[in-house]
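Visitor: next comes the sequence, and after it the predicted model I'd like to discuss.
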Amino acid sequence: MAEITELLKQLEINYNDLKVYNLALTHPSYNADANTKHQDYERLEFIGDAVIGFVCAELIFKLREGLDQGYMSKLRSYLVKTNSLAKYARQINLQNYIRAGHSLPTEQIGKSNKILEDVFEALVGAIYLDQGIKPAARYLSRFLVEDIKNTDLSVLTDAKTRLQEEMQAEHRDSVRYVLIKEEGPAHDRTFEVNVMFNDIILATGTGKSKKAAEEDAAQKALAKRSTL
């Protein structure tokens, strides 16, 4: 595991309390090996999530002046979802700085969007508590600004809705989603779902929640339809 001070130097964060950053980068599994309780990122994740939502909303308001309230809400939801925050975490190699128990190797952490999302949120929470809202906003801006400016509004309608609308327009029938597999430990489960039309499997999707797996399946079904 790389030293957290290297990460903070890279991010140009002049910290006051190093302990809060260590906490932000500690996975719950670490407690089992260290014989500690509640010495992990979960509480910081809670406050970081709120800070990200606020900063993202403010940036959208300033940078996308033509959007109404509905689209601003959709854009914020799109930018703070699991995949987006995990992407930002990977941009700074956050997986290399996370303390975890022996049961959770670095390679597995790097593959888990949910863990990377949680730690990214916790790190934002740590910056906010240690530095205040302005430094936290500056940190988030490096990730959010370009995505806010450049996101195509067509992606803001979720794939499940688009697929449903397309199928009903053509056939007047609905698609349905069937859970076919659920595996992995409780903290990092993976779901596999089929999207069905009548008795036909249109596509199969995977995700870290049933909702994410359904959305993945819908996206794949739409992609198939676009090539027909």
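Guide: Sure thing, it's come through. Numbers count the residues shown, from 1 in each chain.

Visitor: use CA for all of it now, contacts and neighbours both
Guide: Will do.

Visitor: contacts only, for T157.
Guide: K74 (C-alpha atoms under 8 Å, 6 or more residues apart in numbering).

Visitor: nearest residue to the most centrally placed residue in the chain in space, please, no chain neighbours.
Guide: By C-alpha atoms, centre = their mean, the chain has its centre lying nearest to T82, at 1.5 Å. Leaving aside its chain neighbours, T82 sits nearest to E117 (5.6 Å; criterion: C-alpha to C-alpha, 6 or more residues apart in numbering).

Visitor: got a list of what that neighbour touches?
Guide: 82-83, 85-86, 89.

Visitor: using CSV, lay out these together with distance to G125, secondary structure and pLDDT.
Guide: Shown next, in CSV, are the contacts of E117 (distance: C-alpha to C-alpha, whole Å; DSSP: H, G, I helix; E, B strand; the rest coil; pLDDT from 0 to 100):
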residue, distance to G125, secondary structure, pLDDT
T82, 16, helix, 87
N83, 19, helix, 86
L85, 14, helix, 95
A86, 16, helix, 93
A89, 14, helix, 95
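
Visitor: by neighbours, which of the residues you listed wins?
Guide: A86 (25 neighbours; other C-alpha atoms under 10 Å).

Visitor: send over the top helix by length along the chain as CSV, restricted to the C-alpha atoms.
Guide: Using DSSP state H, we find that the single longest helix of the chain is helix 42-63. Written as CSV, here are the backbone C-alpha positions of helix 42-63 (Å, rounded to 0.1, in the frame of the first residue of the first chain):
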residue,chain,number,x,y,z
GLU,A,42,-18.2,4.6,6.7
ARG,A,43,-19.1,7.7,8.7
LEU,A,44,-16.9,9.9,6.5
GLU,A,45,-18.6,8.5,3.5
PHE,A,46,-21.9,9.8,4.8
ILE,A,47,-20.7,13.4,5.0
GLY,A,48,-18.7,13.2,1.8
ASP,A,49,-21.8,12.1,-0.1
ALA,A,50,-23.6,15.3,1.1
VAL,A,51,-20.7,17.5,0.1
ILE,A,52,-20.4,16.0,-3.4
GLY,A,53,-24.1,16.5,-4.0
PHE,A,54,-24.0,20.1,-2.9
VAL,A,55,-20.8,21.0,-4.9
CYS,A,56,-22.1,19.2,-7.9
ALA,A,57,-25.4,21.0,-7.8
GLU,A,58,-23.7,24.4,-7.5
LEU,A,59,-21.4,23.7,-10.4
ILE,A,60,-24.3,22.5,-12.6
PHE,A,61,-26.3,25.7,-11.7
LYS,A,62,-23.3,27.9,-12.7
LEU,A,63,-22.1,26.0,-15.8
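
Visitor: any idea how far it is from the chain center?
Guide: 13 Å (C-alpha atoms, centre = their mean, to the nearest Å).
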